[in-house]
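Enquirer: here you go, sequence then predicted model.
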Amino acid sequence: MVLFSLKNINFTYYNYYKMFGKSNAKPQIDKDQLELLKNAQKRIKQKKRLYIHFVVFLIGSVFFIFLNLVLGLGKEFRPFDTNWFVFAILIWLFLLLYHLFNVFITHKFMGKAWEENQLQKLVSKQEKRIESLKQNLEAEASLEDSEKKKSKLTLIVAAAENNAIGKDNKLIWHLSDDLKRFKKLTNGHYIIMGRKTFESFAKPLPNRTHVVITRQANYKAPQGVIIVNTLKDAITIAKNDTQPFIIGGGEIYKQAMDMANKIEITRLHETFEADTFFPEIDTSVWKETNNIFHKKDENNEYDFSFITYVRS
Ligand SMILES: NC(=O)c1ccc[n+]([C@@H]2O[C@H](COP(=O)([O-])OP(=O)(O)OC[C@H]3O[C@@H](n4cnc5c(N)ncnc54)[C@H](OP(=O)(O)O)[C@@H]3O)[C@@H](O)[C@H]2O)c1
């Protein structure tokens with residue numbers, strides 16, 4: 001019964017691990033189980049020894065009587081006018097009673113109630129372990145969940161070797177592949193920009209949610225364009241997007257650099273005269289994870305590289 005219950009605990013514990021994909025986890029109660037088993041075996045041995053003692057006592061008593069009365073051994077030896085076998089049997093009976101006392105009184109703590117008590121302790125210990133494992137797994141799962149849900153704020157920019165990004169509120173170059181990449185990456189996402197960058201567009205870009213930052217109180221923009229007065233508000237508005245993009249210009253990049261998780265930069269291998277620049281990328285903070293070089297061609301007038309940085 002005890003072993004059956006223990007098996008059940010072990011089974012539940014093991015299955016719990018299996019359920020959550022940790023099939024190689026080893027149940028930890030083997031030591032406790034072993035101790036319980038050893039005690040049960042010891043107890044059986046004690047009772048067996050007592051029983052043998054009782055049988056030997058009976059045979060021995062008959063043997064003493066036989067020796068004294070039938071064979072006449074020590075017939076003259078009669079302390080207190082009584083046959084000696086009576087004293088021999090009484091002394092042995094005392095030893096037997098002492099043995100009996102030891103097994104059922106002194107070692108009572110190893111009896112059934114004690115075993116059940118031990119078992120109960122084991123059960124509640126395992127229940128606590130399972131509960132804490134459950135909590136840990138739930139915490140891990142919710143952490144993973146929130147990590148997944150967390151927005152990956154990304155700066156996207158095309159910058160020259162000297163970090164030039166614009167002049168007279170215009171881009172300095174035309175790189176067809178860069179525009180395609182910008183379109184592909186930002187498609188369907190929030191794009192956050194400074195008022196000047198917004199005004200450098202002929203019209204809002206299709207299939208993207210525009211968030212424009214300005215200090216002006218009554219800035220007017222086409223329908224669907226969201227106007228905010230701080231960068232923080234812009235990021236808050238885009239928080240449900242898994243990857244909102246900061247698309248410029250120079251002022252906004254500078255302020256957003258510390259808040260972003262990722263930078264997608266198209267690095268033109270050329271130097272340009274400019275009035276707007278991208279901030280220096282601190283390589284002790286940003287780790288390069290991808291770098292693809294492109295040679296200039298009929299659609300792209302300069303050599304360039306698509307480089308990805310993530311916050312390290
Ligand atoms: N190469 C590229 O990838 C790239 C990308 C984007 C832009 N650009 C170039 O960058 C240039 C524009 O950049 P820029 O630095 O001059 O301007 P910007 O960053 O696009 O916009 C600056 C404006 O944003 C608003 N603003 C900035 N910080 C703010 C804050 N903390 N709170 C509220 N509003 C704030 C202000 O608008 P108000 O004045 O209305 O208050 C400010 O005048 C252009 O030449 C453009 O072509 C290049």
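Expert: Sure, I can see it.

Enquirer: show me what contacts residue 180?
Expert: By Cβ atoms under 8 Å, 6 or more residues apart in numbering, no residues touch residue 180. C-betas here are computed from N, CA, C, even on glycine.

Enquirer: same thing with residue 49?
Expert: Here residue 49 is in contact with residue 99 (Cβ under 8 Å, 6+ apart).

Enquirer: same question for stretch 210-226, mean pLDDT?
Expert: For stretch 210-226, mean pLDDT rounds to 96.

Enquirer: tell me where the model's unsure across the stretch 51-200 of the chain.
Expert: For the stretch 51-200 of the chain, applying pLDDT under 70 flags the ranges 108-113, 145-150.

Enquirer: and it, which residues reach the ligand?
Expert: Within the stretch 51-200 of the chain, the positions near the ligand by Cβ under 6 Å from any ligand atom are 157-158, 165-166, 169-171, 193-197, 200.

Enquirer: can you flag the buried ones in these?
Expert: 157, 158, 165, 166, 171, 193, 194, 195, 196, 197, 200 (16 or more other Cβ atoms under 10 Å).

Enquirer: what's the most distant pair in these?
Expert: The most widely separated members of those, counting by Cβ to Cβ, are 158 and 195 (19.9 Å).

Enquirer: if we can go back for a sec, output the residues of the stretch 51-200 of the chain next to the ligand as JSON lines; include the columns secondary structure and distance to residue 304.
Expert: As requested, these are exported to JSON lines (DSSP: H, G, I helix; E, B strand; the rest coil; distance: Cβ to Cβ, whole Å):
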{"residue": "157", "secondary structure": "strand", "distance to residue 304": "12"}
{"residue": "158", "secondary structure": "strand", "distance to residue 304": "8"}
{"residue": "165", "secondary structure": "strand", "distance to residue 304": "13"}
{"residue": "166", "secondary structure": "strand", "distance to residue 304": "16"}
{"residue": "169", "secondary structure": "coil", "distance to residue 304": "22"}
{"residue": "170", "secondary structure": "strand", "distance to residue 304": "18"}
{"residue": "171", "secondary structure": "coil", "distance to residue 304": "13"}
{"residue": "193", "secondary structure": "strand", "distance to residue 304": "22"}
{"residue": "194", "secondary structure": "strand", "distance to residue 304": "24"}
{"residue": "195", "secondary structure": "helix", "distance to residue 304": "28"}
{"residue": "196", "secondary structure": "helix", "distance to residue 304": "24"}
{"residue": "197", "secondary structure": "helix", "distance to residue 304": "20"}
{"residue": "200", "secondary structure": "coil", "distance to residue 304": "20"}
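
Enquirer: got a markdown table for those residues, with distance to residue 51 too?
Expert: Listed next are those as a markdown table, based on distance: Cβ to Cβ, whole Å:
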| residue | distance to residue 51 |
| --- | --- |
| 157 | 91 |
| 158 | 94 |
| 165 | 96 |
| 166 | 100 |
| 169 | 104 |
| 170 | 105 |
| 171 | 101 |
| 193 | 93 |
| 194 | 95 |
| 195 | 99 |
| 196 | 100 |
| 197 | 96 |
| 200 | 101 |
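
Enquirer: just to be sure, residue 288 is in a helix?
Expert: No: under DSSP: H, G, I helix; E, B strand; the rest coil, residue 288 sits outside any helix and is assigned strand.

Enquirer: OK, contacts around the nearest residue to it once chain neighbours are set aside?
Expert: Using Cβ to Cβ, 6 or more residues apart in numbering and skipping residues adjacent in sequence, the residue nearest residue 288 is residue 309, 5.6 Å away. Residues near residue 309 by Cβ under 8 Å, 6+ apart: 262, 263, 265, 281, 286, 287, 288, 289.

Enquirer: all set, thanks.
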